[in-house]
Structures are given as C-alpha cells and as structure tokens.
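**Student:** let's see this in three dimensions:
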Amino acid sequence: MRLPLLAPRREGWTWSAEGGLALISLVLLGALFTLPVALIPLHVARNINEGWNAYFASAAMHGEPLYPARDAAMANTYPPLSFYLVGVLGRILGDDIVAGRLVSLAALLWGAVNVYRLSRWLGAARLLATLAASWFLLAVYILLPDYIAMDDPQFLAFALVTAGAVLFLQAREPRRKRQVLAAAVLIVAGGLVKQNEIALPLALCTWAAMHQRRNLALLLLYGAVCGAAAAALLYARWGPALIDNVLLQARRTSWERAVSMTQEELHLIAPYALAALLGGLLLRGGGRATLVLALLIWSALAGFWMLSGAGVNYNVLFDLILALALGCVALVLAAEAAQPEAARPALRRLAAEAAMMLSLFGFVVHDCAHPYAADIDRLKSAGDWSELSAQLAGADGPVLCENLAVCYWAHKPFEVDFFNFGEKLATGITTDSGFRSAIAARRYRYIELDTGCVTLPCLPRGNVAWLLAHYDAVGEVANQALLLEPAP
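**Tutor:** So this is what the prediction gives:
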C-alpha cells in the first residue's frame with residue numbers, strides 16, 4: 001500500500017517568504033555552477049579521474065581490454081556500465097571527457113529531482129521539496145565542488161539508485177509488481193555503474209521490513225534475479241579479471257584516514273546530522289521517519305568505512321547528504337505539526353526552513369572562495385593545458401601522464417596508471433622492475449608529473465626519486481604539472 005503524500009495547507013503570506021529562500025538558492029546555485037559548466041568543453045582536467053574514465057570509455061567502444069591483468073601497471077576498479085553509456089555519447093561528440101562531464105551534470109540534476117520527489121513522499125509541499133533539492137546541490141558543492149560537471153560516474157549511479165527508490169516507495173496496485181521490478185532494475189543498474197551505492201538500498205530494505213514486507217519480498221526477488229543475470233553476463237564477458245579489478249582491487253586502508261577526513265568536514269556535517277536525527281525522531285506520518293533514520297545510519301556507516309580506503313574521496317558521502325536533506329525536511333514538517341496549537345504552524349515551518357537554508361548559505365560563503373577561484377584559474381590556464389597536449393601529441397615515441405587527461409587529448413596510449421600502480425606496488429601485487437627498467441632506458445619521450453607528486457610521492461618505494469634521477473623538468477604548467485624529458 002502506498003503511503004499518501006502529505007500536503008499541509010499553505011497560508012498565503014508564507015509563499016513569498018519561502019519563495020524568496022528558493023529564489024536565493026537558485027541564484028546562488030546558478031552562480032556556483034556557471035564556472036564548472038563553462039569548463040565542460042575545455043581541455044583542462046578538473047580531476048585525475050577524468051582521463052582515467054575517458055580511456056576506459058574509449059576501450060569499451062573499441063573492443064579493447066576493459067579489465068587489465070592483476071599484475072599490470074593499471075587497474076579498472078569500476079563496473080562497466082558507465083563506460084559504455086559515456087562511450088556512446090563520446091563517439092557522437094568526439095571526446096569522451098566532454099561526454100562524461102555532460103552525463104555527470106545531467107545525472108546530478110536528475111539526482112536533485114529525485115531528492116525533490118523523495119521529499120514529496122515524506123510529506124513536503126512543493127516549495128519545501130524545492131528547498132530540499134537546492135540544499136542537496138549546495139551541500140554537494142560545499143563538500144566536493146570538483147565533482148560538479150566532472151567526468152566521473154558517481155552522480156549517474158546516485159541518480160539511478162535514487163530513481164529506483166522513488167519508484168519502490170510509490171509502488172502500489174495495480175502496477176505494484178511492475179514498479180518494484182523497475183525499481184530493482186534501476187538499483188542494480190546503479191550498482192553496475194559504481195559499486196559504492198549501497199546505503200540507500202540498505203535503508204529501503206530496513207524501512208520495507210517494518211512497513212512494506214510484500215514489496216520488500218518482491219524487491220529482493222527481482223533484485224536477486226537481475227543481479228544474478230548481470231553477474232553471469234559480466235563474468236562470461238570478462239571472467240576473473242573483472243573480479244580482480246573491481247572486487248579484489250589493490251588498495252591500502254587506514255581507519256586513521258577515515259577519522260581524519262571525517263573530522264575535516266565535521267563542521268558541516270554535525271549540525272545537520274543532529275537536525276536530521278531530531279527530524280526523524282519527531283516526524284509523525286505512517287513510518288516515513290523510519291526511512292530517514294535508516295538512511296542516516298547506513299550512509300554514515302558506509303561512508304566512514306569507504307573513507308578508510310586510499311584515494312577515496314568525499315563522493316562516498318553523497319548518500320549522507322541525501323539523508324541530511326531529507327532529515328531537514330522531516331524536521332521542518334515536525335516543527336509545523338508541533339504543539340501548542342496556539343502557535344502558527346506556518347510561522348514554525350518558515351522558521352525551520354530559514355534555519356535550514358540560511359545556515360547552509362553561511363557555509364557556502366565561507367567555503368566557496370577557494371573552489372571558485374580554482375575554477376577561474378582553470379579557465380585561465382586552459383590554453384596552457386591544450387598546448388601541453390599538442391606537444392605530447394607531436395612527440396616521437398610513447399609518453400606517460402600522471403594526469404591521464406593530458407595523454408588522452410594527445411591521443412597517446414594508456415600505459416601506466418600512477419595511483420593504482422602505486423597501490424599495487426604498496427600491497428605487493430606486482431613489482432616495479434619493468435617500470436624502473438623503462439625509466440632507466442629513457443623509453444618515454446615525455447613524462448607529465450603533477451607537482452604534488454614530488455612532495456607527496458604518488459609511487460612508493462622510491463620510484464619518484466628514481467624517475468627524477470633519470471628525467472629532468474623542462475617546463476611547468478599552471479603551477480600544477482611538471483613536464484619531464486630524459487636526462488642527458
């Protein structure tokens with residue numbers, strides 16, 4: 001049985017106040033998103049993942065190996081679906097990085113629409129649901145601005161899973177079975193894009209075990225069938241190589257790292273986590289609060305666990321941002337329904353909404369200066385990066401890039417994945433003998449090395465020192481990358 005949408009009566013005078021908050025949010029979002037969108041067609045990488053994703057999208061389209069051997073100097077730690085989706089668009093546009101950026105931006109906006117729909121399911125009226133979607137986008141920008149319009153499949157996985165959640169929560173007769181089946185397909189598809197989208201499915205199962213057992217049984221049945229079919233197809237196509245890359249990936253873990261990264265963002269997360277917890281505990285409405293609390297718990301646990309892995313970024317906390325947004329909605333709804341009746345519900349609601357949004361605006365003003373300035377620097381240096389790619393494209397012989405986008409735009413083959421190769425070396429899966437021999441023989445005409453790799457080596461066991469002993473820096477790009485040539 002579908003839980004009906006709650007639509008509290010709106011008093012006329014509150015529309016302008018709430019509309020003002022929504023307008024401020026949209027204007028701020030437009031300002032913050034302008035620069036990332038402007039960077040979409042430019043040959044300047046926003047993150048080292050962009051070139052990595054582009055190479056594998058190209059490999060998917062050209063029938064090249066998608067999952068390298070276990071001892072190779074590269075790895076593919078993602079499931080295959082995003083590479084095919086981005087690769088198809090990349091063939092049309094002629095650039096897999098631009099295609100990935102467009103897909104990522106569209107998926108982020110789709111995810112925000114799903115936040116709106118989930119807020120409506122909780123009982124929010126349209127303006128409150130709009131504020132929740134805006135809150136989600138603003139919080140994403142604060143937490144990880146480089147992921148806005150970046151070639152990475154995280155938002156696509158998030159959009160697919162949240163779309164499945166909406167369908168599941170709205171499933172009812174006479175189309176209940178079809179809606180749950182569609183929900184299962186979308187959730188499994190999200191897992192085939194990126195395997196870290198686990199918190200929301202777990203929260204859905206927790207909620208359904210308490211309130212919708214029939215739908216839960218269907219979801220588990222359909223999900224098992226779809227998941228088994230997908231696993232069989234993937235294994236038939238790629239075999240053990242896929243398991244080695246995706247499930248048994250070489251990666252160091254450290255709980256100290258998870259604690260440190262959590263502490264860095266605690267000033268943002270803690271107040272809204274408390275608000276979400278209070279909202280979940282205080283909200284009344286047919287068990288809807290159970291989903292908020294379950295998602296808050298599962299997303300916090302899963303995010304903290306994933307942050308322990310080397311190279312993992314705050315994108316694993318996007319489900320937690322969803323939980324906080326829905327928790328704030330629950331708190332606003334609880335405030336509106338609170339006693340005493342003599343107090344105006346609309347005034348209580350507006351006060352809660354204002355606290356929810358204006359406090360976030362404060363974080364935006366405080367935190368957005370650096371990422372905004374960084375995007376301006378990227379715009380200014382786009383010509384330098386294009387010149388570097390052109391120089392590498394004209395080089396006789398192979399080249400290496402830590403920032404793989406540079407080599408991708410230079411149409412050079414993908415040979416070494418600095419980060420994943422470093423993780424394989426650190427965990428003992430492979431050796432550096434072949435790499436050291438190639439460096440000693442000056443095999444590569446050029447090597448692009450990020451400047452940060454000099455002070456915080458990206459390759460363990462002295463490999464950066466070995467590289468710099470055989471190659472000399474002959475140029476620097478945008479204070480971010482060194483161009484190396486073989487030493488005499």
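
**Student:** point out where this structure drops to low pLDDT.
**Tutor:** Flagging of the chain using pLDDT under 70 yields the residue ranges 1-18, 285-286, 338-359, 361-370.

**Student:** got the domain ranges for it?
**Tutor:** Following automatic domain parsing, the chain resolves into domains at 15-44+77-367, 372-486.

**Student:** the helices in the stretch 101-250 of the chain, which residues?
**Tutor:** Secondary structure of the stretch 101-250 of the chain, counting by DSSP state H, counting those that start in this stretch: helices at 126-143, 154-170, 176-193, 199-211, 213-238, 240-242.

**Student:** any idea which of the domains of the chain is most buried?
**Tutor:** Neighbour counts (mean count of other CB atoms under 10 Å) averaged over each of these peak at domain 15-44+77-367, with a mean of 19. No exception for glycine: its C-beta is placed from N, CA and C like everyone else's.

**Student:** quick one on the thing from earlier: would you list the domains of the chain in CSV and tack on distance to Leu66?
**Tutor:** Converted to CSV, the domains of the chain look like this (distance: least, CB to CB, whole Å):
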stretch, distance to Leu66
domain 15-44+77-367, 6
domain 372-486, 12
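
**Student:** circling back: rebuild the helices of the stretch 101-250 of the chain as a markdown table, extending it with distance to Ile40.
**Tutor:** Output for the helices of the stretch 101-250 of the chain, formatted as a markdown table (distance: least, CB to CB, whole Å):
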| stretch | distance to Ile40 |
| --- | --- |
| helix 126-143 | 16 |
| helix 154-170 | 14 |
| helix 176-193 | 20 |
| helix 199-211 | 28 |
| helix 213-238 | 31 |
| helix 240-242 | 31 |
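
**Student:** tell me which residue lies nearest the centroid of this protein.
**Tutor:** Taking CA atoms, centre = their mean, the centroid of the chain lies closest to Gln154, which sits 3.3 Å from it.

**Student:** isn't it right next to Lys194, touching?
**Tutor:** Yes - at 5.9 Å, Gln154 counts as touching Lys194 under the criterion of CB atoms under 8 Å.

**Student:** before we move on, back to that, and the helices of the stretch 101-250 of the chain: which comes nearest Leu293?
**Tutor:** Closest approach to Leu293 among the helices of the stretch 101-250 of the chain is made by helix 199-211 (8.7 Å; CB to CB).

**Student:** what sits up against the closest one?
**Tutor:** Helix 199-211 has contacts (CB atoms under 8 Å, 6 or more residues apart in numbering) with 3, 161-162, 165, 168-169, 187, 215-216, 219-220, 286-287, 290-291, 294-295, 297-299, 301-303, 319-320, 322-323.

**Student:** dump the residue contacts of Asn313.
**Tutor:** 144, 147.

**Student:** try 7 Å this time
**Tutor:** Contacts for Asn313 (CB atoms under 7 Å, 6 or more residues apart in numbering) come out as Leu144.

**Student:** what do you get for Ile447?
**Tutor:** 399-400, 467, 471, 484.

**Student:** which one is the residue nearest to the centre of the chain nearest to, not counting chain neighbours?
**Tutor:** Closest residue in space to Gln154, ignoring its immediate chain neighbours: Asn315 at 4.5 Å, by CB to CB, 6 or more residues apart in numbering.

**Student:** measure the one you found to Ala224 for me?
**Tutor:** 27 Å (CB to CB, to the nearest Å).

**Student:** the helix or strand Ile376 falls within vs helix 126-143, what angle?
**Tutor:** Taking DSSP states H and E as the criterion, Ile376 maps to helix 369-393. Per axes from the mean of the first three to the mean of the last three CA atoms, to 10 degrees, the angle that helix 369-393 makes with helix 126-143 is 60 degrees.

**Student:** so how far is helix 369-393 off the chain centroid?
**Tutor:** Relative to the centre of its chain, helix 369-393 is centred 22 Å away, using CA atoms, centre = their mean, to the nearest Å.

**Student:** go on, stretch 274-284?
**Tutor:** That offset, for stretch 274-284, works out to 26 Å (CA atoms, centre = their mean).

**Student:** show residues contacting stretch 62-72.
**Tutor:** 56, 59-60, 74-76, 80, 83, 238, 241-242, 244-245, 429-430.

**Student:** nope, stretch 375-385 is what I meant
**Tutor:** Contacts of stretch 375-385 with the rest of the structure, by CB under 7 Å, 6+ apart, involve 35-36, 38-39, 42-44, 46, 406, 477-478.

**Student:** Tyr446 against Leu482, yeah?
**Tutor:** No - with contact defined as CB atoms under 7 Å, Tyr446 does not count as touching Leu482 (10.5 Å).

**Student:** just say helix, strand or coil for Arg46.
**Tutor:** For Arg46, the assignment made with DSSP: H, G, I helix; E, B strand; the rest coil gives coil.

**Student:** only alpha carbons, please: show stretch 153-169 as CSV.
**Tutor:** The C-alpha trace of stretch 153-169 is given here as CSV (Å, rounded to 0.1, in the frame of the first residue of the first chain):
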residue,chain,number,x,y,z
PRO,A,153,30.2,8.1,-12.8
GLN,A,154,29.3,8.8,-9.1
PHE,A,155,26.3,11.0,-9.9
LEU,A,156,25.0,8.6,-12.5
ALA,A,157,25.0,5.8,-10.0
PHE,A,158,23.3,8.0,-7.4
ALA,A,159,20.6,9.2,-9.9
LEU,A,160,19.8,5.6,-10.9
VAL,A,161,19.5,4.3,-7.3
THR,A,162,17.5,7.3,-6.1
ALA,A,163,15.2,6.9,-9.1
GLY,A,164,14.7,3.3,-8.1
ALA,A,165,14.0,4.3,-4.5
VAL,A,166,11.3,6.7,-5.7
LEU,A,167,9.6,4.0,-7.7
PHE,A,168,9.8,1.5,-4.9
LEU,A,169,8.3,3.9,-2.3
